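Participant: model the structure of this input:
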Amino acid sequence: LRRDTLLDSGLQVSMLSLASLPSFVVGIALIVLFSFVWHLLPAVALDLSPRALVLPIATLVLGWMPFTARMVRVGVVQALDSEYVQMARLKGLPEREVVRKHVLPNSLVPAIQAFALTAAGMPAGIVIVEYLFGFQGIGVFLIDSVRSRDAATVEAVTLILVAVYIVANLLSD
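Facilitator: The predicted structure is shown next:
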């Protein structure tokens with residue numbers, strides 16, 4: 001909504017920076033910052049408390065957010081430049097109503113598609129996050145199955161991950 005401002009440029013640069021960082025670098029940076037510098041959150045926890053889940057979830061979200069945020073921006077810019085938004089403004093609708101009724105519904109479609117496509121990178125991100133934060137989950141299970149050359153288990157876990165990806169894409173469509 002505030003295209004070509006200092007805030008817009010700063011957010012674009014920060015999103016590009018986050019998109020260029022691998023998830024293990026983001027996770028390590030969050031651990032160093034929140035666990036060792038500020039002593040707010042545990043680096044590794046043996047229980048599944050909400051406090052213990054903040055850093056792993058933040059690592060995954062910060063890996064997905066740049067792509068989705070950029071797609072939302074593109075969708076909003078395209079919707080703001082469209083003829084139906086110009087017509088709504090010419091009719092005298094307040095800007096808040098134009099944004100709520102005309103811009104947002106039409107700009108979220110590319111974002112939903114981008115979010116579904118980032119689900120493809122989820123298995124790799126989950127494997128890294130589980131290893132980094134010491135969780136026993138499907139990623140660690142997959143790695144252990146590959147190490148022990150258990151082909152049936154690797155196929156089953158891969159099938160589950162592929163099914164999640166397909167369902168995410170179908171829901172986004």
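
Participant: burial count for the nearest residue to residue 138 once chain neighbours are set aside?
Facilitator: Nearest residue to residue 138 in three dimensions, chain neighbours excluded: residue 157, at 6.3 Å (CB to CB, 6 or more residues apart in numbering). C-beta: built from backbone N, CA, C; applies to glycine. Look at residue 157: counted by other CB atoms under 10 Å, it has 19 neighbours.

Participant: right, and residue 157 touches residue 145 too?
Facilitator: Yes: counting by CB atoms under 8 Å, residue 157 does reach residue 145; the two are 6.6 Å apart.

Participant: could you give the separation of the longest helix along the chain from the chain centroid?
Facilitator: Looking across the chain with DSSP state H, the single longest helix is helix 50-80. Distance, stretch centre to chain centre, for helix 50-80: 4 Å (CA atoms, centre = their mean, to the nearest Å).

Participant: show me what it is packed against.
Facilitator: helix 6-20, helix 23-31, helix 104-118, helix 122-133 (3 or more CB pairs under 8 Å, 6 or more residues apart in numbering; DSSP states H and E).

Participant: buried stuff in the last one?
Facilitator: This points to helix 122-133. Neighbour counts over helix 122-133 (16 or more other CB atoms under 10 Å) mark 122, 123, 125, 126, 127, 128, 129, 130, 132, 133 as buried.

Participant: ok, and the closest non-adjacent residue to the second one?
Facilitator: The reference is to residue 123. Using CB to CB, 6+ apart, the closest residue to residue 123 is residue 161 (4.7 Å).

Participant: same check, this time on the fifth one
Facilitator: The shortest distance from residue 127 to any non-neighbouring residue, by CB to CB, 6+ apart, is to residue 139 (3.4 Å).

Participant: most centrally placed residue in this structure?
Facilitator: Closest to where the C-alpha atoms of the chain average out (CA atoms, centre = their mean) is residue 64, at 2.3 Å.
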